[in-house]
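# Got a predicted structure here, sequence first:
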Amino acid sequence: MNKSTKQGKQIRLKRGEVIEVPIRRIGINGEGMGHYQKQVVFVEGAVPGETVVARVTQVETKFAKAKLLKVKKKSAYRVEPPCPVYRECGGCQLQHIDRRMQKRLKRELVAESFARYAGLRDLPIRETITMDEPWSYRNKAQLPLRQIGTQVAMGMFSAASHRLVDVSECMVQHPLLNQTLSEARRIVEELGIDIYDERKHRGTLRHLVGRIAFAMEEVQLVLVTRTKTFPEEEAFVREVTKRLPQVKSVVLNYNPAKTSLVFGTESRLLWGQEKLTERLGELTYLLSARAFFQLNPIQTIKLYETVKEAAHLTGRETVIDAYCGVGTIGLWLAQGAKRVIGMDTVPEAIADAKENAELNGITHAEYHVGEAETLLPKWIKEGLRPDVIVVDPPRTGLGQPLLDTLLRVKVPRIVYVSCNPATLAKDCALLLKSGYRIANVVPLDMFPQTAHVETVCELVEG
C-alpha cells in the first residue's frame, strides 16, 4: 500500500491551473461549489447549474479555491448585481443570484449541513421565510476609517483583506443610516480629527458606528477611539446636532487594544440619550451602544414568532433565554410563560434587559450577568428545572459546558436559534445521540443578498 493510499486521496490540482467546473451548489460563504476530477473546488461568483472556467488560486488537502474567468454555461438565475461596488466590497455574496434561487439555496445549505454533520437526510425542514423587500434592511453599520492624504476614507474592508472600499451608499443599509454616517465622516474630515493607523497602532478615531431605530427613525452615533478623549469632542457634537437632527445619541467607546474587534469595554455618553428606543410588535426595547440587537428588525419579528411557535408555551413553563442580549427573545415569549430567566456576558445588555422588562410591564422575567455555560449548570445543580431553553449562540455554536449540561439534564424542549448551519448541525448531532429528536427546522433569510441564513430548530425529548 503506497503512502498516498494510506493517507487517503490527495488533491492533485496545482495553483495557476485553468479548469472547467460544473457548479452543483453553494458553499457556506456563498461561493459556487463543484468537482473537478472528484476533487472539491470553490469558485467565488459562480452559480449552481453553471459550468465555469476558473483558475486555481489555493490548494488545500481536501479542497481547492479558484477564480472565475468565464461562464461557459450560464444559469437562468444569474442577475446583474445592482450595487456598484458589489464585487469589491464582499459584504453581499449573492447579489448576482435571483431572489427565488437565494431562497432555495439557503434552505439547501441548512439541509446539507444536517446531512453532513448529523447524518440526517430526511430532515423536517420548511421553506425559507423571506422578506417582501430585500433591501435597506440593516439597522447598524460599523465602518473603519483611514487617513489618505487630507481626506478621511470610510467603508468596509474587502473580503480577506484590509483594502478599504467606500460603501457610503450601501443598498442593504437603511438610507438614513447611510446619510448619517456619510455626513459624520465629512465632519470628522473638516475638523481634522486624528485617524487611527492600524499598522502603527497610533492615532485616535478607529470606527464610526451608527444604529437606527426603525420604528422611530432615530440614530445613535458611536465613535470608537484608541484614546479616552480627543480635543474635538465638543466641536464634533456641535456639528452633528446642527446637521443631523435624526441623531439622538452620541457615544464614545474606548478601545485601546491592538485588535480586530470593533468595540472596547468602556463607553461614555458625549451628548443626548444614553440609549436608543426601538419597537418590535407591541414591545419597546432600550439599546445601549454595545448591546446586541438583531440587525434586521423586519425579519426579527418573523424570527421571534417562529421561536414562539417552536416553544409551544401554555403559561406554565419556566423558560431559559441563554445568550439573551437586551432580552428581546425572552420578553417576546414572556406573555406565554410562567417565568423567564436570561443571561448574557455584557453587563450593559443585562442592564438593558432589566430595564426593558420593567418598561414593558413584565414582572416575571429576571436577568443575570454571566456565561450560559457557567450559570445554567449551577442553577440546575441548585434545583432549577426549566421546561424550555432558547439558545441563540454566536457562530461558534454552544459552549461545551452548556452542551454537556443539556446532554446530562434533559430540558424537555430546546429551541436552537443559529446563524451557522454547520455548528447547529454538529451540536444537534450530539443532542440526537442523547435522546432528543428534531421536530422542526425553519430557515429564515435574515440577510438577503448574503450567504447567511438564520435557522430555528425545535428539539424535543424522545
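On my side now, so go ahead.
# For stretch 267-282, what does the pLDDT average out to?
For stretch 267-282, mean pLDDT is 96.
# For stretch 424-438, buried residues please.
Neighbour-count burial for stretch 424-438 flags L424, A425, K426, D427, C428, L431, L432, Y436, I438 (criterion: 16 or more other CB atoms under 10 Å). Any C-beta I mention is one placed from the backbone N, CA and C, and that applies to glycine too.
# now do stretch 271-281
For stretch 271-281, burial by neighbour count (16+ other CB under 10 Å) applies to W271, G272, K275, L276, T277, E278, L280.
# Ok, stretch 387-404 next?
Within stretch 387-404, the residues scored as buried using 16+ other CB under 10 Å are D387, V388, I389, V390, V391, D392, P393, G397, L398, G399, L402, L403.
# Does anything pack onto the helix or strand that contains the third one? Which helices or strands?
In this structure, I389 sits in strand 388-391 according to DSSP states H and E. Identification of packing neighbours for strand 388-391 by 3 or more CB pairs under 8 Å, 6 or more residues apart in numbering; DSSP states H and E yields helix 297-311, strand 318-322, helix 328-333, strand 413-418.
# Could you rerun that using 10 Å?
For strand 388-391, the packing partners by 3 or more CB pairs under 10 Å, 6 or more residues apart in numbering; DSSP states H and E come out as helix 297-311, strand 318-322, helix 328-333, strand 339-344, helix 372-381, helix 400-408, strand 413-418, strand 454-461.
# Tell me which of those approaches Q95 most closely.
With CB to CB as the criterion, Q95 lies closest to helix 297-311 of the helices and strands packed on strand 388-391, at 17.7 Å.
# Tell me what angle the closest one forms with strand 318-322.
140 degrees (axes from the mean of the first three to the mean of the last three CA atoms, to 10 degrees).
# can you give me the strands in the stretch 1-150 of the chain?
Here the stretch 1-150 of the chain has its strands, by DSSP state E, counting those that start in this stretch, at 18-26, 32-36, 39-44, 51-59, 63-73, 140-148.
# May I see these arranged in JSON lines, with mean pLDDT, distance to V222 and mean neighbour count as well?
Shown next, in JSON lines, are the strands of the stretch 1-150 of the chain (pLDDT from 0 to 100; distance: least, CB to CB, whole Å; neighbours: other CB atoms under 10 Å):
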{"stretch": "strand 18-26", "mean pLDDT": "97", "distance to V222": "34", "mean neighbour count": "18"}
{"stretch": "strand 32-36", "mean pLDDT": "97", "distance to V222": "37", "mean neighbour count": "20"}
{"stretch": "strand 39-44", "mean pLDDT": "96", "distance to V222": "32", "mean neighbour count": "22"}
{"stretch": "strand 51-59", "mean pLDDT": "97", "distance to V222": "36", "mean neighbour count": "18"}
{"stretch": "strand 63-73", "mean pLDDT": "97", "distance to V222": "36", "mean neighbour count": "17"}
{"stretch": "strand 140-148", "mean pLDDT": "96", "distance to V222": "9", "mean neighbour count": "19"}
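# who's in contact with the residue nearest the centre of the chain?
When CA atoms, centre = their mean is applied to the chain, the residue found nearest the centroid is C419 (6.4 Å). By CB atoms under 10 Å, 6 or more residues apart in numbering, C419 lies in contact with D392, P393, P394, R395, G397, M446, F447, H452, V453, E454, T455.
# With E454 instead?
By CB under 10 Å, 6+ apart, the contact list for E454 reads 106, 110, 128-129, 294, 296, 299-300, 302-303, 306, 392, 417-421, 442-447.
# just for this structure, where's the confidence low?
For the chain, residues meeting the criterion pLDDT under 70 lie at 1-10, 160.
# Can you check which helix is longest in it?
Assignment by DSSP state H gives helix 99-118 as the longest helix of the chain.
# tell me what it is packed against?
Using 3+ CB pairs under 10 Å, 6+ apart: helix 99-118 touches strand 18-26, helix 421-433, strand 436-444, strand 454-461.
# Using CSV, write out every CA atom in stretch 355-374.
These are the backbone C-alpha positions of stretch 355-374, laid out as CSV (Å, rounded to 0.1, in the frame of the first residue of the first chain):
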residue,chain,number,x,y,z
GLU,A,355,-35.0,48.0,32.1
ASN,A,356,-36.8,46.6,29.1
ALA,A,357,-38.7,44.1,31.3
GLU,A,358,-39.8,47.0,33.5
LEU,A,359,-40.6,49.3,30.6
ASN,A,360,-43.0,46.6,29.1
GLY,A,361,-44.6,45.8,32.5
ILE,A,362,-43.1,42.3,32.6
THR,A,363,-42.5,41.3,36.2
HIS,A,364,-41.8,37.5,35.8
ALA,A,365,-38.5,37.9,33.8
GLU,A,366,-35.1,38.1,35.5
TYR,A,367,-31.7,38.7,34.0
HIS,A,368,-28.2,37.8,35.1
VAL,A,369,-24.6,38.7,34.0
GLY,A,370,-22.6,35.7,33.1
GLU,A,371,-22.0,32.9,30.7
ALA,A,372,-24.8,30.5,30.0
GLU,A,373,-22.2,27.7,30.1
THR,A,374,-21.5,28.6,33.7
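# Any buried residues in that stretch, and which?
Neighbour counts using 16+ other CB under 10 Å place E355, N356, A357, N360, I362, A365, Y367, A372, E373 of stretch 355-374 among the buried residues.
# From those, which land in strands?
Those of these mapping onto strands are A365, Y367, per DSSP state E.
# Identify the farthest-apart pair in the buried residues of stretch 355-374.
The largest separation in those, counting by CB to CB, is between N360 and E373 at 28.0 Å.
# Next, R206: secondary structure please.
Three-state call for R206 (DSSP: H, G, I helix; E, B strand; the rest coil): strand.
# Any idea how many residues pack against the residue nearest to T150 when sequence neighbours are not counted?
Of all residues not flanking T150 in the chain, E189 sits nearest, at 7.9 Å (CB to CB, 6 or more residues apart in numbering). Counted with other CB atoms under 10 Å, the neighbours of E189 add up to 17.
# K62 and I11 touch, don't they?
Yes. Between K62 and I11 there is a contact under CB atoms under 10 Å: 6.9 Å.
# Look at those two and report which has more neighbours.
Between K62 and I11, counted using other CB under 10 Å, the more crowded position is I11 (18 against 10).
# rewinding a little: can you flag which of the buried residues of stretch 271-281 belong to helices?
Among the buried residues of stretch 271-281, no member falls in helices (DSSP H).
# Out of those, which comes closest to W332?
Lowest distance from W332 to those (CB to CB) belongs to L280, with 7.6 Å.
# mind listing what the closest one touches?
L280 sits next to F214, A215, F293, Q294, P297, I298, T300, I301, Y304, T328, L331, W332 when contact means CB under 10 Å, 6+ apart.
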